[in-house]
Structure formats: C-alpha cells, structure tokens
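S.K.: Next come a sequence and a model predicted from it.
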Amino acid sequence: MNKKHLIKSTGVIGLGTAISRVLGFVRDIFIANFFGTGLAAQAFFVAFRIPNSLRDLVGEGAANAAIVPVLTGYKARGEKKEFLRVSKVLFNISFASLSVLTLIGIIISPLIVRLIAPGFIREPSTLELTIQLNRTIFPYLILIGLTAYTMGVLNTERHFAGPAFGPCFLNIALILAILWLCPKIGVMGLVIGVLAGGVLQLALNVVVMYRKGITIDFREGFSHPAVKKIGALLIPRAFGSAIYQINIFVDTMLASLSWIVGSGGVAALYYANRLIQFPLAIFGLALAQAALPKMSHEFSANDMTGLKDTLSFSLRMTFLIMIPASVGLAVLGMPIIKMLFQRGEFTDYSTYITNSALFFYAFGLCAYGGIKLLVTCFYSMHDTMTPVKTALISVILNVALNLILMWPMKLGGLALATSISATVNFLMLYFILKKRIGRLGTKEIAGSFIRVLLAGIIMGMVLKFTLALTASVTGVLLSMAAGALAFIAAAYIFRVKELERAFAWASKRR
C-alpha cells in the first residue's frame with residue numbers, strides 16, 4: 001500500500017467518519033435542544049461514558065494494538081487457514097470477556113457512578129438517575145467491543161468502508177430515539193437508542209465478514225498459539241488505555257464539582273469534546289487507522305526506511321489539517337456553538353461554558369492527532385509499553401495542572417491542562433521513537449509545521465476580521481469560506497508542499 005493507497009484508504013475512512021460526525025452533530029443538536037446542560041444531560045453523559053470508555057480498554061485497544069499486527073503477520077506469510085482460525089478464537093474470547101465485564105459493571109454501578117461523578121452525591125435525584133441509566137446501558141459494552149473486534153479483522157483485510165460507516169447507524173438510531181422515544185419516556189429513550197445503534201453497527205460488520213469468508217464458530221474454543229502473542233501485546237495496551245481513561249474520568253470528576261467550576265460542567269465538556277473530535281476523527285484517527293496495516297507490513301518486511309517515510313508523511317499531512325482546524329475552532333467557537341446547539345434548553349450560559357472549554361481544547365488538536373500516529377507506529381513495531389509509560393507521565397501532569405488551573409479558569413483550566421499534557425506526551429513519544437529507529441526527517445517535519453502555522457495565523461486574522469462584520473449564520477459561513485481561501489493562498493505563498501501534493505493527487509484522480 002503506497003502513499004496514494006494510504007490517502008485513498010484515509011479518504012474512505014474519513015468520508016464514513018465525516019458522515020457519521022455530521023449525523024452526530026444532528027444528534028447532539030437534538031440532545032442539546034431537549035436536555036441542554038441540565039441534570040438529565042449530565043446523568044446520561046456520565047452513564048454513557050463508563051461503558052464507552054471501557055470499550056477502548058477491551059475493544060478498540062485490542063483491534064489497534066494486537067489484532068491487526070498479529071493477523072497481518074499471518075496474511076503476509078500466506079497462512080489463510082490459520083488467519084481464519086485465529087479470527088474465530090478471538091471472537092469467542094472477546095464475547096466471553098465482554099459479557100463478564102458487563103455483568104460486573106451492572107452489579108457495581110452505584111460504586112462506579114459515585115467514584116466517577118462525586119459531585120452528584122450532593123444531588124440524590126441525579127445520582128439515582130445516573131445509576132439507573134448506567135445499568136441499562138452497560139450491555140452496549142458487549143456490542144461495541146465486538147464491533148471493535150470485527151473492525152480490526154476487516155482492517156487487516158484492508159476493508160475500511162464497513163467499519164467507517166457503521167457509526168452512522170448508531171447516530172441514526174439515537175436521532176430516531178430522541179424524536180420518538182424521548183418525548184414519551186425522557187432520557188431513557190437515549191439509552192434505548194444507544195443499544196439499538198450498537199446492534200446495527202455490529203450486524204453490519206458481521207455481514208461484511210461473512211461475505212469475505214470470515215465466520216463465527218464457538219466450537220473453535222478459546223485456545224490458539226497466537227492468543228498468547230496477542231495477549232502479550234494487549235496487556236500493556238490495556239494498561240495504557242486504563243491510564244488514558246483515568247485521565248478522562250479525572251476530568252469528569254472535577255467537572256462534576258459544580259461549586260468550583262460551575263453547573264453543567266460535565267455536559268459542557270462533552271459538547272466541546274464533540275467539536276474537537278470532528279476534525280480529529282475525520283482525518284487524524286482515519287489516517288492512523290489506515291496507516292497501521294501499512295506500517296505493520298513495513299516493519300514485518302524490515303523496511304525501516306519505508307516505515308519512517310510513512311510516519312513522516314502522515315505527520316505532515318496531520319499538521320496540514322489540524323492547524324487550520326484548531327485556529328478555526330478557537331476563533332469561531334462561540335458562533336459555531338450558538339449556530340449548532342443554542343436553542344431550547346441550551347441557553348446562553350451553556351454556550352459560554354462550552355466555548356470556554358472548546359477554546360483551550362483547540363490548542364492541543366495537533367498533539368492529539370500526532371499522538372495517534374506515533375502510538376500507531378509503536379504498535380506496528382509490537383511495542384505497546386512505551387506509549388503506556390509516556391501516557392502515565394502525561395496523566396500525572398494533567399491531574400496536577402487540573403488542580404492548579406481549575407480554580408482560576410474553571411472549565412477552561414481543565415481543557416488547557418489536557419492540551420498541555422497532550423503536547424508533552426507527543427514530544428516524548430516523538431523523541432523516543434527517533435532514538436529507537438533513527439532520523440525521522442525532523443527538519444522537514446518542523447519546516448512543514450512552521451509554514452502551515454504561518455498560513456494558519458493569516459487564516460485566523462481573516463476569520464477575526466470577517467467575523468467582526470456580522471455574527472449571523474450566513475456571516476459565519478462566509479467567514480469560514482474566506483478563512484479557507486486565505487489559508488490555501490497563504491499555504492501556496494509559503495510553499496507548503498503537502499497541500500500541493502494533495503491537490504495534484506486529487507487532479508489525477510479526476
């Protein structure tokens with residue numbers, strides 16, 4: 001898979017993710033309209049975050065860190081029969097472990113909720129509602145965990161479309177639930193929508209797997225020599241994911257302390273994070289997902305030059321997208337939030353506190369995307385311990401900064417702490433990788449970053465100027481268009497080669 005195929009695969013994943021994110025915004029607009037940043041919204045976001053966070057620990061983490069590199073090895077050696085057998089065994093293990101975790105989670109839900117959102121203890125009605133929602137929604141862990149497993153298998157087969165478009169079903173199910181169920185049964189309608197969407201996502205991937213001859217067979221049992229190898233890769237990754245989830249839970253805990261950061265903090269962080277995740281998922285995560293099989297193949301073939309070239313190219317493309325995205329979100333955050341969310345129960349106050357988090361989250365957008373790529377490179381090299389170590393240092397730094405910044409800056413302090421710790425994590429991973437495999441083309445990467453940053457600054461000035469003329473919806477859209485044109489023009493003036501290559505590739509495709 002050369003660079004053109006990498007861009008094509010990223011495009012497929014990005015398109016599916018973009019459609020899903022647009023539907024997700026429609027979903028969030030309805031949630032904001034129905035529930036705003038009130039108690040019901042707070043309860044749902046906490047209840048949903050618990051199983052949704054665990055899925056990365058046992059689901060997507062397995063797909064990224066262990067399943068793809070190991071299964072890619074079987075494919076590279078032409079061992080199709082063993083590839084199919086390992087796939088079946090992995091499904092059986094995933095189903096059994098996810099079921100046990102779900103049962104435990106339902107039983108100890110009251111304890112989990114009190115630990116994650118201690119601020120709710122002062123609000124008994126919110127606490128009880130959160131526990132009820134959490135217990136009902138916990139089976140989603142099984143559905144999304146198995147979906148992540150099927151995603152890993154299909155990505156090994158270089159099939160990205162099904163997993164990329166699957167989340168659209170979740171968002172569609174939630175939108176329908178908000179329209180039909182929430183007016184009748186309240187916030188419990190969201191939980192039913194989540195479970196229905198999880199079933200649809202998993203069903204789509206299973207159908208695609210069957211078409212490719214990859215079936216499910218419980219008779220294969222739970223044993224295979226590859227399981228030990230996958231476990232050896234997965235256990236450190238699980239620790240790394242646990243550290244990352246601790247980071248998220250700490251932010252949730254502190255955001256629930258309304259007497260410090262203000263009311264509605266948990267919901268505001270959710271809405272701000274949704275906006276940050278839009279460019280990150282469409283391109284950053286999509287590129288990392290597409291790059292993993294390529295990097296794994298290059299490492300297996302001992303093509304270190306190709307591996308470093310892939311990483312350097314991917315980082316430069318990430319900066320090309322993330323820098324203007326971060327500038328745009330920082331400058332246009334307030335009008336974008338008003339345009340998307342401010343109606344119904346989502347008030348001026350909701351917009352203000354959401355923007356206070358979004359503004360400082362935007363500073364870490366490049367680091368978030370870069371971390372995904374660097375961690376992907378370590379995974380392709382079968383090294384899952386290094387990201388754990390840097391993540392631990394990053395979490396400790398984040399917690400310390402949270403406690404320092406949350407008092408004077410409220411929610412903005414929590415977001416800024418996240419951005420700073422992410423930047424430190426990115427730099428640690430980069431220099432460790434450089435020491436491990438040699439020169440990565442730092443001069444070229446840094447030069448590209450500076451040129452794109454200068455173009456982004458000019459874009460920000462244009463956005464600020466045009467936005468001052470009018471704050472209407474049309475004015476915001478025109479400001480975005482002017483900013484995009486200014487960025488492209490400035491990028492050409494500063495000779496940003498990655499943009500020129502992207503346009504040249506697009507022209508050839510046409």
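M.R.: Yes, it's here. Since the structure is predicted, the reported quantities are computational estimates derived from the model, not experimental observations.

S.K.: From now on I want contacts and neighbour counts done on CA atoms only, so please keep to that.
M.R.: Will do.

S.K.: Name the helix or strand for residue 308, please.
M.R.: With elements delineated by DSSP states H and E, residue 308 resides in helix 304-341, which encompasses its position.

S.K.: ok, how many other residues are close to the nearest residue to residue 422 once chain neighbours are set aside?
M.R.: Once flanking residues are discounted, residue 422 sits nearest to residue 367: 5.8 Å by C-alpha to C-alpha, 6 or more residues apart in numbering. Residues within reach of residue 367, counting by other C-alpha atoms under 10 Å, total 23.

S.K.: Ok, residue 166 next?
M.R.: Counted with other C-alpha under 10 Å, the burial measure for residue 166 works out to 23 neighbours.

S.K.: do the one 3 residues further on as well
M.R.: One way to gauge burial is a neighbour count; for residue 169, by other C-alpha under 10 Å, it gives 21.

S.K.: OK, contacts around the residue lying closest to it once chain neighbours are set aside?
M.R.: Once its chain neighbours are removed from consideration, residue 169 has its nearest residue in residue 197; the separation is 5.6 Å (C-alpha to C-alpha, 6+ apart). Counting by C-alpha atoms under 8 Å, 6 or more residues apart in numbering, residue 197 makes contact with 167, 169, 170, 171, 172, 173, 174.

S.K.: ok, these vs residue 398, which is closest?
M.R.: Comparing these against residue 398 with C-alpha to C-alpha places residue 167 closest, at 29.9 Å.

S.K.: Tell me which helix or strand the closest one sits in.
M.R.: When the helices and strands are read off by DSSP H and E, the one containing residue 167 is helix 161-180.

S.K.: Quick check: next helix or strand after that helix?
M.R.: Tracing the chain C-terminally past helix 161-180 and defining elements by DSSP H and E, one meets helix 182-185 next.

S.K.: what residue ranges in the stretch 401-510 of the chain score low on pLDDT?
M.R.: Within the stretch 401-510 of the chain, the set of residues satisfying pLDDT under 70 comprises 471, 502-510.

S.K.: those helices in it, which residues are they?
M.R.: In the stretch 401-510 of the chain, the helices defined using DSSP state H, counting those that start in this stretch lie at 411-437, 442-469, 473-493, 497-509.

S.K.: Between these, which one is closest to residue 203.
M.R.: Checking the helices of the stretch 401-510 of the chain against residue 203 by C-alpha to C-alpha gives helix 497-509 as the closest, at 32.8 Å.

S.K.: and stretch 394-406, which residues are buried?
M.R.: Of the residues in stretch 394-406, those scored as buried under the neighbour-count criterion (16 or more other C-alpha atoms under 10 Å) are 394, 395, 397, 398, 399, 401, 402, 405, 406.

S.K.: same question, stretch 108-125
M.R.: 109, 110, 112, 113, 114, 116, 117, 118, 119, 120.

S.K.: okay if I get those as CSV plus pLDDT, distance to residue 470 and secondary structure?
M.R.: Converted to CSV, these look like this (pLDDT from 0 to 100; distance: C-alpha to C-alpha, whole Å; DSSP: H, G, I helix; E, B strand; the rest coil):
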residue, pLDDT, distance to residue 470, secondary structure
109, 96, 49, helix
110, 96, 49, helix
112, 92, 47, helix
113, 94, 44, helix
114, 94, 45, helix
116, 88, 42, helix
117, 90, 40, coil
118, 91, 42, helix
119, 88, 40, helix
120, 90, 41, helix
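
S.K.: ok, the residues you listed vs residue 377, which is closest?
M.R.: Of all the buried residues of stretch 108-125, the one sitting nearest residue 377 is residue 116; the distance, using C-alpha to C-alpha, is 31.9 Å.

S.K.: thought that closest one was touching residue 249?
M.R.: Yes. With contact defined as C-alpha atoms under 8 Å, residue 116 and residue 249 form a contacting pair (6.0 Å).

S.K.: and the helix holding residue 308, how far from the chain's centre?
M.R.: On the basis of C-alpha atoms, centre = their mean, to the nearest Å, helix 304-341 sits 13 Å off its chain's mean C-alpha point.

S.K.: Give me the angle between that helix and helix 442-469.
M.R.: Relative orientation of helix 304-341 versus helix 442-469 (axes from the mean of the first three to the mean of the last three C-alpha atoms, to 10 degrees): 10 degrees.

S.K.: which secondary structure elements does helix 304-341 contact?
M.R.: For helix 304-341, the packing partners by 3 or more C-alpha pairs under 8 Å, 6 or more residues apart in numbering; DSSP states H and E come out as helix 3-35, helix 265-279, helix 286-300, helix 348-361, helix 365-380, helix 442-469, helix 473-493, helix 497-509.

S.K.: that older thread, tell me the most buried of the helices of the stretch 401-510 of the chain?
M.R.: Most buried of these, by mean neighbour count (mean count of other C-alpha atoms under 10 Å): helix 411-437, with a mean of 21.

S.K.: Now do it: which elements does it pack against?
M.R.: Applying 3+ C-alpha pairs under 8 Å, 6+ apart, one finds that helix 411-437 makes contact with helix 348-361, helix 365-380, helix 385-409.

S.K.: For the stretch 1-150 of the chain, which segments count as helices?
M.R.: Counting by DSSP H, counting those that start in this stretch, the helices of the stretch 1-150 of the chain are 3-35, 39-55, 61-62, 68-76, 80-107, 109-116, 124-137, 140-156.

S.K.: okay if I get those as CSV plus distance to residue 235?
M.R.: Conversion of the helices of the stretch 1-150 of the chain to CSV gives the following (distance: least, C-alpha to C-alpha, whole Å):
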stretch, distance to residue 235
helix 3-35, 27
helix 39-55, 14
helix 61-62, 9
helix 68-76, 14
helix 80-107, 14
helix 109-116, 22
helix 124-137, 26
helix 140-156, 16
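
S.K.: Tell me which of the ones you listed sits nearest to residue 231.
M.R.: helix 61-62 (8.9 Å).

S.K.: tell me the mean pLDDT over the closest one?
M.R.: For helix 61-62, the per-residue pLDDT values average out at 52.

S.K.: same thing with stretch 339-354?
M.R.: If you average the pLDDT over stretch 339-354, you get 93.

S.K.: measure that stretch end to end?
M.R.: Using C-alpha to C-alpha, to the nearest Å, the span of stretch 339-354 from its first residue to its last is 13 Å.

S.K.: Run the chain-centre distance for it.
M.R.: Centroid separation between stretch 339-354 and its chain, computed with C-alpha atoms, centre = their mean, is 23 Å.

S.K.: which other residues reach that stretch?
M.R.: With C-alpha under 8 Å, 6+ apart as the test, stretch 339-354 has contacts from 25, 28-29, 32-38, 264-265, 268-269, 271-272, 334, 337-338, 411, 473.

S.K.: at 6 Å what do you get?
M.R.: Judged by C-alpha atoms under 6 Å, 6 or more residues apart in numbering, the contacts made with stretch 339-354 from elsewhere in the structure are 29, 32, 33, 35, 36, 268, 272.

S.K.: Tell me the one among the residues you listed nearest to residue 83.
M.R.: Comparing the contacts of stretch 339-354 against residue 83 with C-alpha to C-alpha picks out residue 272 as the nearest, at 41.2 Å.

S.K.: what pLDDT does the closest residue to that closest one other than its chain neighbours get?
M.R.: Residue nearest to residue 272 in three dimensions, not counting chain neighbours: residue 358, with 4.8 Å by C-alpha to C-alpha, 6+ apart. Residue 358 is assigned 97 on the pLDDT scale.

S.K.: And for residue 1?
M.R.: According to the per-residue confidence, residue 1 scores 48 in pLDDT.

S.K.: before we move on, what about residue 167?
M.R.: Residue 167 carries a pLDDT score of 85 in this model.

S.K.: give me every residue that touches it.
M.R.: By C-alpha under 6 Å, 6+ apart, the neighbours of residue 167 are residue 20.

S.K.: Could you do residue 183 as well?
M.R.: With C-alpha under 6 Å, 6+ apart as the criterion, no residue contacts residue 183.
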